[in-house]
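Take a look and give me a structure for this.
(5 chains)
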Amino acid sequence: MTDNINLNLWIIPLLPLAGAAINGLFGRHLPKAVIKLVALTFTGASFAYAVWAAVQGSHIKLPHIETLSFDWIVAGSFHVPFGFYLDQLSTVMMLIVTGVGFLIHVYSVGYMEHEGGYYRFFAYLNLFMFFMLTLVLSNNYLLMFVGWEGVGLASYLLIGFFFLKDSAANAGKKAFIVNRIGDFAFLIGMFLIVKNYGSLNFTEVFNSISNSPLEVGWGLLTVVALLLMFGATGKSAQVPLYVWLPDAMEGPTPVSALIHAATMVTAGIYMIARSHIIFDKAPHALEVVAVIGAVTALFAATMGLAQTDIKRVLAYSTVSQLGYMFLACGVAAYSAAIFHLMTHAFFKALLFLGAGSVIHAIGGEQDMRRMGGLRKLIPVTFWVVTIATFTIAGFPPLSGFFSKDEILWQAFSSPHGGSAILWIVGFITAGLTSFYMFRLWFMTFFGELRLGKADAGEESHAAHAPAQAQHAAASASHGHGEDGHGHGGVHESPWIMLAPLVILALLSVGGGWIGIPESMGGSSSIGHYLAPAVASAAETPQPADLEASEHSKELMFAGFSVGVAALGFFLAWLLYYKRPELPDRITARIHGIYNVVYHKYYVDEGYGALFVKPLLALSTHVLWRGVDQTIIDGTVNGAGSASKGIGSELRRMQSGNIRSYAAWVAIGGAAVVAYMIWRGVGK
Amino acid sequence: MVPLSWYLILSAILFCLGVSAFILKRNIITIFMSIELMLNAVNLSFVAFANYWHNLDGQVFVFFVMVVAAAEAAVGLAIIIAVFRTRETLNVDRVNLLKL
Amino acid sequence: MFHQILFIIFGAICIAGAINLLIQRHPINSALSLVVVMGSLALIYMLLGAEFVAAVQVIVYAGAIMVLFVFTIMLLNAGVEERTRGSRIALLLGGTGVVLLIGMIAAVIFTNDKLVGGVKIGNLIPYEKIDNTHTIAGLLFQKYLLPFEITSVLILIAIMGAVVLAARRR
Amino acid sequence: MNPISIVDYIRILPELVLTIFGIGVMLIDPFLPGKASRKGLGVFSLIGTLAAVAAGFYQASYLAANASFGADGWFGMVRVDSFSIFFHILVPAISAICILVSLEYLDQQNIRTGEYYGLILFGTVGMMLMSSAIELVLIFIALEISSISTYILAGYRQRTAASTESAIKYFLLGSFATAFFLYGVAMMFGATGSTNISEIAKKLSEGNLGSLSYVAVALMLIGLGFKVASAPFHIWTPDVYEGAPAPIVALMSTGPKAAAFAVLLRVLFSTAAPGWFWLVWISAAVSMTLGNFGALLQNNVKRMLAYSSIAHAGYLLVAFAAADFAASREAGLSAAIFYTAAYAFMNIGAFAVVSHLAGSGERFTSIDDYAGLSRRSPLLAFTLTIFMLSLIGIPLTGGFYAKYYVFSAALSSNLVWLSIIGLVNSAVAAYYYLRLIIVMYMREQTVETEPVKVTPAMGLALVLAAIATIYLGVAPNNIVEYSKQGAQNLLPPPTQHAASHAAQGQ
Amino acid sequence: MNDPIILTLITFIPAVGAIVLMLLPRNDQLIRRAALIISLVAFAFSIFLPVNYESGQSGFQFVVDHPWIGSAIHYHLGADGISMWLVLLTTFLVPLSILISWKSIHDRVKEFFVLLLLLETAMIGVFVSLDMFLFYVFWEATLIPMALLIGMYGHDRRIYAAVKFFLYTMVASVFMLAAIIYIYTQTHSFDYAVIREALTGHSSYAFSPAALQWLFLGFFIAFAVKVPLFPFHTWLPDAHVEAPTAGSVLLAAVLLKMGTYGLLRFNVGFFPEQARRNAPWIIVLALIGIVYGALVALVQPNLKKLIAYSSVSHLGFVVLGIFTFTQIGTDGAVYQMLNHGISTGALFMLAGMIYERKHTYELNAYGGLATPMPVYATFFLVAVLSSVGLPLLNGFVGEFLVLSGTAQSGLPHSIWYTVLGTTGVIWAAGYLLWMYQRVFYGPLRYEENKHLPDIGGREQISLWPLMAMALIMGVASPLWMKSIHPAVEQAVKPVQQVHSAQATSQQ
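Predicted structure coming up:
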């Protein structure tokens, strides 16, 4: 247990950065093979190094802090170092990021084979890795913010990778801006921290805060916590800032898997977990986090019910799952959140990659209504997706079951605001999750392939059609889009894509076993492992006698969850396999509600009408045309023309007539004389 | 005995009549004459003050004023001739090419 | 008393001449009125004991200068003034200005008793009575030598001006 | 016994030199063939002016050697102190540049009379005497010499209506104003019994001022205000400047004006004349405003510069107002003196360009005629830009330093509002000066004008004026020092006057 | 003569070079090269400054002080941590501006480069003058070359823009002149240190509070117009849109800094108490500028106008930072000045490059340019991101410090100031990314844009230094901060003292 060992943690993020730099600067002139090699080598090395560091980390006292010899920002007493921080939490995150990241890189090599801008893609992807690792490894909020913003940038670039499509460019921009709104709160939170604690270093800040008393009302800590949380809602796509994530599916599928499922979106969770000391002291903030998590989970799940785009379903599912994690954080069950974060990274990455494989196989189609029967055609994909689906639905002993169940249990039982309501919401969400996932499963892999058929649903949702047509047109005309592979027939993906799927599938299955709760005879080892990093200081050890009853209760709740998952499976089977005509009838019956859900509750439109449009109108008509051009410039130019006006009036003195000139002299003279006489007399 | 102020008042009246004439007359020559009238009025003041102060400087001054007036008259009338040649008029109201 | 009567007579002639200058519409009449003014002034100068000035007034002013005027009037064949509207500002402002000027100067002269009002002049000082011209000559060629000489430049200029401006060009 | 010593002749040496050269011109002219160019005469008179400048410098060195030289000479008629020497050098220098400009101009306008140069030389004599005269008689005569010669010169293109109109306006109104001045002198004589500045100063400082002296000052102010073109007696300026031949405008907007300011300084300060402060204040404010706002709309460059000269008279009067306060008397006076020089060079330079571009018959004086000048003649455009910048008051030019000097004097005596008015005005003024620069550099030629070829004489004139302008802006030390000496010379020996003024100020 | 000559050299090499250029024959290529060399020489000399700067020291270094006119006006130069970097920014950008004008200026080439070099001298002079008179001289001297650059080489409405630029600034600087002169009449000095001593009240000069307030305003108006602070900003968009590229670059990167520099050096330095008292409304103006500039930028259809309004917004941050009077906020403000010079300079250069190809700044004329011009698009993206304030690029450091300083300043409602100011980061992302998208993303909107040539070697050479600086300044800010810091400390300390004095007196 030595403390002065230097792990050179900076190498971990820097390796992908080097890859990004090489590919970004020179990639245009490099052959594809070299590009692949560079991308994989550097991420792989990073992963390997991360593993090594993790192993080392088990030998040294955590948290382990390293600072580079030069500071990033110095202003008086305020220092921000390039500093890295390794504890259990960041170890887990680091491993997830490098591991899943590496797998997805591998997958991408196959997936992006036929796309233009190969080097660009990998440069961006490596850049993302760099920022994400910076985020999880930094030892202060500001450096974390670097990663925070940086992953936003990478996400912007990758979402807009197919920039020829307006929708992709729009989605990228939307993601960045919405994230910025969250960042805005994060920044203010940091300002408050700096103002009150004089530092942004985790150790210093947390030390100061842990000495302060629990905040009862709405004080500073609550405000800070809420601001940080708001920042997290942006990055982790929570209500009200979730809107960017579904649109982000415009990006290539590996990107969706890596950034918008496995890693980046979990940054918010990580940040809350990292800041748990602040949240622990601010119970009101925790409540808000829990409520937002619960609301998001449910809300997103309902939206997932009606989506027809396979990736969008997964996107809403991601939002919903992130809601779970938020919920966990909100009840101070940080280790549960991180646990779910990890399993989610596995199975959701798997789902996305699987979906990618599906899309890849059928030539770029993403609408589930045109899929079906793919089970036979792409068996490997089918099986891995099946595993993932069952995992996310929460069937034991798959990993999702353990992690989700942990959250649900904590939502109910946590001493930090756990309540039945939260549990019920989570419970319903679990059902919904199961339903829409199996809906996806059935629609994609069962029945018959409906590719190229215009179905009834298409027309009834004509509103959606033009947009899609546009995509198709845009992609087709430039041969640049995802569906531009140009090889007919449904086919299984190459092994370079399938291998990561398989590995992820294994992880999805087994990844949860490190967190089997004691009630099920496990050791909850992840919980224990993370405890030093995230355990709430206020967390009181539960009395031993209570534990037994608690355990049985926990088991009972787990039973409920499995039950509701099964119910979801049944309904999906009924509606999308057994009687596929039913859904249309039902939607016709509840047309109003369905439409609302289908259109994602019109939230985007609402934001547009409420904020974007008025803002643009205000800027154009009031500020620019009004204030700038009319009032200010009007005043300025008015002063100019007024001067000229005065000038032209004054010029009228200059009549050209000698007699009138003399008269001016005379009257002027009279005035002068009059004044002087007055002076003289007054003397 | 005539009070000094009488002379001065007379001078002032003449001066102001000169000013009035300058402003009211249209003929350039007459206007020029009104200037001569003003100068005469000034001369009267000088002589009166010279008497008052028992100081002949005032009278010498008058002498110089006359010289200047003569020179001015020569130049002025030459200018008037030049104007008449270009304009064919002596009416000041018509000499207003330059204005504004 | 005698002085006063003479002053009033010649003063009145002066003013009348000046007013006549103002109201006559033919320049030649105005010129003649001006001669009248100058003549009366010469007499008033005599009243003030300034014989030299009086003489020069008649010779230079009434004689030379006015002849020049009349000559020019004749040369240019100037007729009766036109009644152009000209400038109303001239009338308005000028009228006010003139009235103000005269009023104010008079006011000063009358209110300034301390300095001038009380002093009666007209009694010619003895030494001046004897040799006014002589004294002036002395002044002119000693104290005022420089101005006197400089005057020659002035006259030269005037001649040049007359030549340049009035001469018909080659 | 000859009461007139040789020193007395040195006191009028520059004037003598010029007079001799003037007579020389008059003598040579008849011998020249009628149609011949008078360039030779011009060069001759140029030498005369330069000799006069040299004489001025000689006076300066003489004064430096014998302080008694600064005493009154010619029976109390002239006083050649630093103040007068300043103008003794400035005025012939102005005339020299004017002659340089005229060399080409006369040929261009087909004027073939040598009197032109004679008049300039004699006029210069008058202007120089104005600055050294300390006796109202001599001031009056000198004033008339300079005025009458400029009346004539203004009408020198006697076959053009504009020129004769300019002359008649200048002449009638000028004589009109002279009459006022003279009336003022008479009143001053009446109030003090003397026409000598020092005597008057003594009488006035003895106190017991009758209101007659106030009226006298008022009337003299009217006359001199007319000569320096300050409001409300500025009204003749635009018309006269527009009509007069351009080189003459260059001269009369600088030389006689500088001289008239010198007289105004003598009359107001050497006599410690009372009561004029607010008049000058208002006149300054109104001049600046009328001048600048009037110039905004002018399309004729000469006329625009005429309005600008009104404005500059206003700035100069600010220095007068400042000099009414004991605290900033010296600064104000020296600022005023300095300003005349700075203004002279930049303005004469500007008019030199105008006169050059005007072409035969002065047809091209509209702003549009300057379009694209930077392409046609970079030198003209560049020098004119310098003059315009100086007129605006951009640093490193004489115009700026002068303005700065004036306003620093004004602010020392807390004339805050006047300074603000002045500074805002100078910002407004930037617009119309800038217009010229813009047209030269940023517009393309639209009007077909005469080809511009800068003759050596013109080039020399421009470069001299430009160098002087820059010199005054970059290294004004010497001139400032000299103007300070001049300012000290100007003031009457200390009496209780200072105390009385201190009480009177604001 | 032990005075270091370095500042004199840096300041006047360009001016001397301009004279040399004037004398050279009208061979365009020769002139371009000569101008480039001259500017590079000036840059090389300016490198001397940071190398030899003793960063621990506060106060001015490399000081030259000679009497110039009379006894009061001195030729007094000196640099501290603030001005030194601004000088370096200037000398750094001028060679790039020359490079960028290599081809785009083909008419009256000589005049162009002469003006550019004269402008450089004036700009440097502004930053290193320690004599108020000299300062004003240089201050005004920037006006002419810039106005001429705009007016002679600009686009359609160039004359209007040049006049507007000139008059706006001229009118405002007149008030500063009045203030300078007034101070001189009271203290009989133009020396920065003397005046500062006199005004901050440790001496016998009696300035009434009212007088100080007016003087403060006199300086303020001149600088506020230059910055430009809302509502004095309307000259800026016009000037930028019409100016030639090099003009825009220098205008945005350096000339605007003169305003903020002045605010810091003079308004804060001379009038700590007044600065403190006036801070609330100035901050409000700055905040309005941040939000307003951004919102208006959002809807600009013209690329350069958009960047111009973004400058309004960015400079709002600088003013905000200065008037927090916190060490950190003002540090950030100074840093932000440099950043803005780099990133906006780059943006204007990039805008100029596309203009050379298409002769329009209208965003509508573009779209989808990333395909034909990938390298250009990449450079543009980096510039945009630097302007957006992405961490690890330069913009972020400044903005963060400024806003953090705002939060810490003891001003009432400072937290709300912070919140409003921080919205700037959202707006910036909004308008810049939207602009980027409209220019580069989406399908090619016009067929003729398909064959737009990507940027070439010369253009890349002119961009690389900026890109490198954006990154270095984003990563290694202490290199700058260590010399900025003491200078800022000296500037804001009196204000902080005033503040604490007020605080104690209130208790």
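
Please make it C-alpha for all contacts and neighbour counts, starting now.
Fine.

which ones are touching residue 144?
Just going to use chain A. Contacts for A:Met144 (CA atoms under 8 Å, 6 or more residues apart in numbering or on different chains) come out as A:134-138.

please go with chain C instead
C:Tyr144 sits in contact with D:75, D:77, where contact means CA under 8 Å, 6+ apart.

Please state the backbone phi and psi of it?
phi -100, psi 30 (degrees, to the nearest 10).

got it, and D:Gln445?
The phi/psi pair for D:Gln445 (degrees, to the nearest 10) is phi -60, psi 130.

looking at chain B, which helix or strand does the model trust least?
Ranked by mean pLDDT, DSSP states H and E, the weakest helix or strand in chain B is strand B:2-3, scoring a mean of 77.

hmm, whatever helix or strand comes next after it in reach of chain A?
Using DSSP states H and E, the helix or strand that follows strand B:2-3 in sequence is helix B:4-24. Yes: Helix B:4-24 reaches chain A (CA under 8 Å from any CA of the partner chain) through B:19, B:22-24.

Out of those residues, which is nearest to chain E?
Taking CA to the nearest CA as the measure, chain E lies nearest B:Ile23 of the residues of helix B:4-24 next to chain A, at 41.1 Å.

could you list every residue that touches that closest one?
A:659-660, A:662-663, B:31, C:90-91, C:94.

Got the confidence number for residue 99?
As the question left the chain open, I've gone with chain A. According to the prediction, A:Gly99 has pLDDT 91.

meant chain B actually
pLDDT at B:Lys99 comes out at 78.

Is the closest residue in space to it that isn't next to it in sequence in a helix, a strand, or coil?
Excluding its sequence neighbours, the residue lying closest to B:Lys99 (CA to CA, 6 or more residues apart in numbering or on different chains) is A:Gly656, at 4.1 Å. Using DSSP: H, G, I helix; E, B strand; the rest coil, the structure places A:Gly656 in coil.

Tell me how many other residues crowd A:Gly656.
Using other CA atoms under 10 Å in any protein chain shown, A:Gly656 has 25 other residues around it.

Now do the phi/psi pair for D:Ser366.
phi -90, psi 150.

List the residues that contact the closest residue to it other than its chain neighbours.
Counting by CA to CA, 6+ apart, D:Asn300 is the residue found nearest to D:Ser366 once chain neighbours are left out, at 4.3 Å. When contacts are counted by CA under 8 Å, 6+ apart, D:Asn300 touches D:242, D:365-367.

where does the stretch 201-350 of chain E dip in pLDDT?
Filtered on pLDDT under 70, the stretch 201-350 of chain E yields the residue ranges E:201-205.

Output the contacting helices and strands for whichever strand or helix holds E:Ala224.
Using DSSP H and E, E:Ala224 maps to helix E:209-226. Counting contacts by 3 or more CA pairs under 8 Å, 6 or more residues apart in numbering or on different chains; DSSP states H and E, helix E:209-226 packs against helix E:158-187, helix E:256-262, helix E:272-298.

any chance of those helices in CSV, plus distance to A:Gly510 and mean neighbour count?
Shown next, in CSV, are the helices and strands packed on helix E:209-226 (distance: least, CA to CA, whole Å; neighbours: other CA atoms under 10 Å in any protein chain shown):
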stretch, distance to A:Gly510, mean neighbour count
helix E:158-187, 70, 23
helix E:256-262, 60, 25
helix E:272-298, 50, 24
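
Those helices: which one's closest to chain D?
So among the helices and strands packed on helix E:209-226, helix E:158-187 is nearest, using CA to the nearest CA, at 4.8 Å.

Following that closest one in sequence, what is the next regular element?
Following helix E:158-187 toward the C-terminus (DSSP H and E): helix E:192-199.

Off-centre distance for that next one?
How far helix E:192-199 lies from its chain's middle: 25 Å, per CA atoms, centre = their mean, to the nearest Å.

For the residue of the stretch 1-150 of chain A at minimum distance from chain B, give the beta-bridge partners.
Residue of the stretch 1-150 of chain A nearest chain B, by CA to the nearest CA: A:Ala75 (63.3 Å). Listed beta-bridge partners, A:Ala75: A:Phe78 (assigned using DSSP bridges).

Pretty sure it sits against E:Ser483.
No: the pair A:Ala75 / E:Ser483 is not scored as a contact, 10.8 Å apart, by CA atoms under 8 Å.

what residues does the helix holding E:Ala224 touch?
E:168-169, E:172-176, E:178-179, E:199, E:232-233, E:255-256, E:258-260, E:262-263, E:266-267, E:271, E:274-275.

Pull out the buried residues from it.
By 16 or more other CA atoms under 10 Å in any protein chain shown, the buried positions in helix E:209-226 come out as E:212-213, E:215-226.

Nearest to A:Ile516 among the residues you listed?
Set against A:Ile516, the nearest of the buried residues of helix E:209-226 by CA to CA is E:Ala224 (65.2 Å).

What parts of chain E come near chain D?
So chain E meets chain D at E:68-70, E:136-138, E:140-141, E:148, E:151-153, E:159, E:163, E:167, E:170-171, E:174-175, E:178, E:181-182, E:184-186 (CA under 8 Å from any CA).

Can you pull out the low-pLDDT segments for the chain?
Picked chain A for this. In chain A (pLDDT under 70), the answer is A:1-4, A:451-489, A:536-548, A:682-683.

try chain D instead
In chain D (pLDDT under 70), the answer is D:1-3, D:208-209, D:494-506.

just checking, what packs against the longest helix along it?
Taking DSSP state H as the criterion, chain D has its longest helix at helix D:161-192. Here helix D:161-192 touches helix A:658-682, helix B:28-53, helix B:57-87, helix D:136-154, helix D:197-205, helix D:211-228, helix D:237-243, going by 3+ CA pairs under 8 Å, 6+ apart.
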